[in-house]
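>>> below: sequence and its predicted model.
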Amino acid sequence: MDRARLWGVAFLLVTAVGWALNWPTIKFLLAVWPALFSRGVAGVTAACLLGLLAVSRGESLHVPRRLWPRLGMAAFTSVFAWMGFATVSLNLISVAEAALLVYSMPVWAMLLAWPLRGERPGARALVALALAVAGVALLLSGQKSLAGRDQMLGVGLALAAAVLFAWGTVANPKPLPLPPLAQTAWVVGVGCAPMIVLGLLFEHPQLGALTGAAAASLVYMTLVPMGVCYLSWFAALRRLPSGIATITMLLVPLLGTLSAAAILGDPFGLREGGALALTLGGVALALRGLSAPARERASDPDGA
């Protein structure tokens, strides 16, 4: 393997580990700070930092008027719905349950491609769906607490995050004609700003509660998954085929679940391991059936 590919693999590992550790970090932070406000503050701060970095690299932050509808849609599906709904779901279900549910989005993308783009699902899509459904069913089996309304709401939010992200991927297959850092800054900022407003209106965050480890968690959530990891992701894509990069990102829910078990004490046994294997197998099969641009977008989120 040449040096460029070795660096690409290294950047991929940085991305996967950084995004994976964000799952238990958010779960820990939610014990003292509300979900939407936490995510909104971290996202808007990261967007400002990415914007400054983009300008320092000579990228223009100008967005033509004709692109604002597409940018707004991308911000809603890939940030507000993906990050917001997934984060709120962590108040109600475990990291393992949330991570597997939201990372099923490539399966939904394959299915949504039929009504939205006329791409009839073939045998690959049906097998991928069967594996993913079997994995989720295995994960949720034996969870008696899921009979509760709050737990079912958590499952619904996680699935909504996955489906809406997939819908955005299929409905807008062409990337925005903007520089990568500038695009990321705008999409993350526009998607996270409403979370701050909703958090102030409905969650009433207590600033005094953010001390010690909780403050460090917010700093991590701001700088690493939405800063360092996006930079390393783009760096990896410049050195490796997009197919390899996107399939490798299946490490995120796996490492996220394992780290939550180690850091937070979340349960992880044969049932969780089997569910991971089935669901990620289905997701991997679905990713192989997507076109290259859609495949790249289907694994671009920051992990939660």
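Everything's here; your move. Numbering: from 1, shown residues only.
>>> ok, residues contacting the host helix or strand of residue 128?
Element membership for residue 128, per DSSP states H and E: helix 123-140. Outside of helix 123-140, the residues within contact range by C-beta atoms under 8 Å, 6 or more residues apart in numbering are 96-97, 100-101, 104, 106-107, 110-111, 121, 146, 155, 271-272, 274-283, 285-286, 288-289. From N, CA and C alone the C-beta is placed, and that goes for glycine too.
>>> one more: stretch 153-165?
Under C-beta under 8 Å, 6+ apart, the answer for stretch 153-165 is 76-78, 81-86, 88-93, 97-98, 101-105, 108, 112, 140, 146, 298, 301.
>>> grab the CA positions of the helix holding residue 128 and hand them over as CSV.
As requested, C-alpha coordinates have been extracted for helix 123-140 and formatted as CSV (Å, rounded to 0.1, in the frame of the first residue of the first chain):
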residue,chain,number,x,y,z
ALA,A,123,-32.8,-8.9,-4.8
ARG,A,124,-29.9,-7.0,-3.1
ALA,A,125,-32.2,-4.4,-1.6
LEU,A,126,-34.6,-7.1,-0.3
VAL,A,127,-31.9,-9.1,1.3
ALA,A,128,-30.4,-6.0,2.8
LEU,A,129,-33.8,-5.0,4.2
ALA,A,130,-34.3,-8.5,5.6
LEU,A,131,-30.9,-8.5,7.4
ALA,A,132,-31.4,-5.0,8.8
VAL,A,133,-34.9,-5.8,10.0
ALA,A,134,-33.7,-9.0,11.6
GLY,A,135,-30.9,-7.2,13.3
VAL,A,136,-33.2,-4.5,14.7
ALA,A,137,-35.8,-7.1,15.8
LEU,A,138,-33.1,-9.1,17.6
LEU,A,139,-31.8,-6.0,19.3
LEU,A,140,-35.2,-4.9,20.5
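>>> identify each buried residue in it, please.
For helix 123-140, the neighbour count (16 or more other C-beta atoms under 10 Å) marks 125, 128-129, 131-132, 134-136, 138-140 as buried.
>>> how far does that helix sit from its chain's centre?
Helix 123-140 has its average C-alpha position 20 Å from the chain's average C-alpha position, going by C-alpha atoms, centre = their mean, to the nearest Å.
>>> following element in sequence after that helix, please.
Downstream of helix 123-140, the next assigned helix or strand under DSSP H and E is helix 149-171.
>>> low pLDDT regions in the protein?
When the per-residue scores of the chain are filtered using pLDDT under 70, the ranges that remain are 1, 142-148, 243, 287, 289-304.
>>> check which residues of the helix ranked longest in the chain are buried.
Counting residues, the longest helix in the chain under DSSP state H turns out to be helix 3-29. If you call a residue buried by 16+ other C-beta under 10 Å, then helix 3-29 has these buried ones: 8-9, 11-12, 14-29.
>>> check stretch 249-262 too.
249-261.
>>> how far is it from where the chain is centred?
For stretch 249-262 - counting by C-alpha atoms, centre = their mean - the centre lies 13 Å from the chain centre.
>>> with just CA atoms, put that stretch into PDB.
What follows is the C-alpha trace of stretch 249-262 in PDB, where atoms were taken according to Å, rounded to 0.1, in the frame of the first residue of the first chain:
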ATOM      1  CA  MET A 249     -17.700   4.000   8.300                       C
ATOM      2  CA  LEU A 250     -19.800   1.000   9.500                       C
ATOM      3  CA  LEU A 251     -17.200   1.000  12.300                       C
ATOM      4  CA  VAL A 252     -19.000   4.000  13.800                       C
ATOM      5  CA  PRO A 253     -22.100   2.200  15.200                       C
ATOM      6  CA  LEU A 254     -20.000  -0.800  16.200                       C
ATOM      7  CA  LEU A 255     -17.300   1.300  18.000                       C
ATOM      8  CA  GLY A 256     -20.000   3.500  19.400                       C
ATOM      9  CA  THR A 257     -21.900   0.600  20.900                       C
ATOM     10  CA  LEU A 258     -18.700  -0.900  22.300                       C
ATOM     11  CA  SER A 259     -17.500   2.400  23.800                       C
ATOM     12  CA  ALA A 260     -20.900   3.000  25.400                       C
ATOM     13  CA  ALA A 261     -20.600  -0.500  27.000                       C
ATOM     14  CA  ALA A 262     -17.100   0.300  28.300                       C
END
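>>> show residues contacting it.
By C-beta under 8 Å, 6+ apart, the residues outside stretch 249-262 that reach it are 12, 15-17, 19-24, 27, 94-96, 99-100, 103, 266-268, 272, 276, 279-280, 283-284, 287, 299, 303-304.
>>> only alpha carbons, please: show stretch 207-221 as PDB.
The C-alpha atoms that make up stretch 207-221 are tabulated as PDB, following Å, rounded to 0.1, in the frame of the first residue of the first chain:
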ATOM      1  CA  LEU A 207     -26.000  27.100  32.400                       C
ATOM      2  CA  GLY A 208     -24.700  26.400  35.900                       C
ATOM      3  CA  ALA A 209     -25.200  22.700  35.400                       C
ATOM      4  CA  LEU A 210     -22.500  22.600  32.700                       C
ATOM      5  CA  THR A 211     -19.300  22.000  34.800                       C
ATOM      6  CA  GLY A 212     -16.400  19.600  34.800                       C
ATOM      7  CA  ALA A 213     -16.800  16.500  32.700                       C
ATOM      8  CA  ALA A 214     -20.100  17.800  31.200                       C
ATOM      9  CA  ALA A 215     -18.300  20.900  29.900                       C
ATOM     10  CA  ALA A 216     -15.500  18.700  28.500                       C
ATOM     11  CA  SER A 217     -18.100  16.600  26.800                       C
ATOM     12  CA  LEU A 218     -19.600  19.600  25.100                       C
ATOM     13  CA  VAL A 219     -16.100  20.800  24.000                       C
ATOM     14  CA  TYR A 220     -15.500  17.300  22.600                       C
ATOM     15  CA  MET A 221     -18.800  17.200  20.800                       C
END
